[in-house]
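A.B. asks: I'll drop the sequence and a predicted model, then ask my questions.
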Amino acid sequence: MKVQIMTDSQYGNGKKLAETIKSVFSKDEVNIDDVKDISPQKVAENVPDVFILGGAIRAFHGDTKSKKFLKQLNELLEKSGKKIKYGTGFLTHSLPTKRVQGFSKRYLKHIQNASMIDKTYNPLLTAQVETMQGPIKPEEMEKAKKYIQDFIAWMK
């Protein structure tokens, strides 16, 4: 199975979370890329089976770069007639967990609304950082591993 994990990592927290997620996919081909470093065209050409879109909440704003990447990827896949089987996502944030719920619901909705993703796993993974620049709280990495284990079980 081909897995594509996208990040928008300003301080490296999203990339670290993506590496943790990758470690749970033991036998699969997993690529991690930043939305600033790879084009939606390249991902569309590879047509992953699983697409995980990472982003960050910064200054009380959702991740526009990741959402724009998803929109462009979806348009390219629509034109080619190709589909991604499974999708989900994650957000890093420095907000109290209760404050991030609205952001996570809206972010997940973008993934769910991507017509070229067949099935979207709900809920979205959120990982709290200690400060705006990180690091991710240690307990959040364990939560991420459990989330991806549940996601893999859901796909089967």
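C.D. replies: It's in.

A.B. asks: what separates the lowest-mean-pLDDT helix or strand in the chain from the chain centre, distance-wise?
C.D. replies: Within the chain, confidence by mean pLDDT, DSSP states H and E is lowest for helix 101-112 among all helices and strands, at a mean of 93. Centroid displacement of helix 101-112 relative to its chain, using CA atoms, centre = their mean, to the nearest Å, is 11 Å.

A.B. asks: Same question for the residue most central in space within the chain, what's its three-state structure.
C.D. replies: In the chain, the centroid-proximal residue (CA atoms, centre = their mean) is Leu53; its distance is 2.3 Å. Three-state call for Leu53 (DSSP: H, G, I helix; E, B strand; the rest coil): strand.

A.B. asks: Wait, it touches Ser66, no?
C.D. replies: Yes - counting by CB atoms under 8 Å, Ser66 is a contact partner of Leu53 at 5.5 Å. (Each C-beta comes from the backbone N, C-alpha and C, glycine too.)

A.B. asks: shared neighbours, the two?
C.D. replies: Both Leu53 and Ser66 are contacted by Met6, Gly89, under the criterion CB atoms under 8 Å, 6 or more residues apart in numbering.

A.B. asks: what pairs with the residue nearest to the centre of the chain across the strands?
C.D. replies: Counting by DSSP bridges, Leu53 is bridged to Met6, Gly89.

A.B. asks: pLDDT score for Phe60?
C.D. replies: Phe60 carries a pLDDT score of 67 in this model.

A.B. asks: next one: phi and psi at Leu95?
C.D. replies: Recorded main-chain torsions at Leu95 are phi -80, psi 160, according to degrees, to the nearest 10.

A.B. asks: Identify the spatial nearest neighbour of it, chain neighbours not counted.
C.D. replies: Ile57 (6.3 Å; CB to CB, 6 or more residues apart in numbering).

A.B. asks: Quick one: residues contacting the one you found.
C.D. replies: So Ile57 contacts Asp63, Leu91, Thr92, His93, Ser94, Leu95, Val100, Phe103 (CB under 8 Å, 6+ apart).
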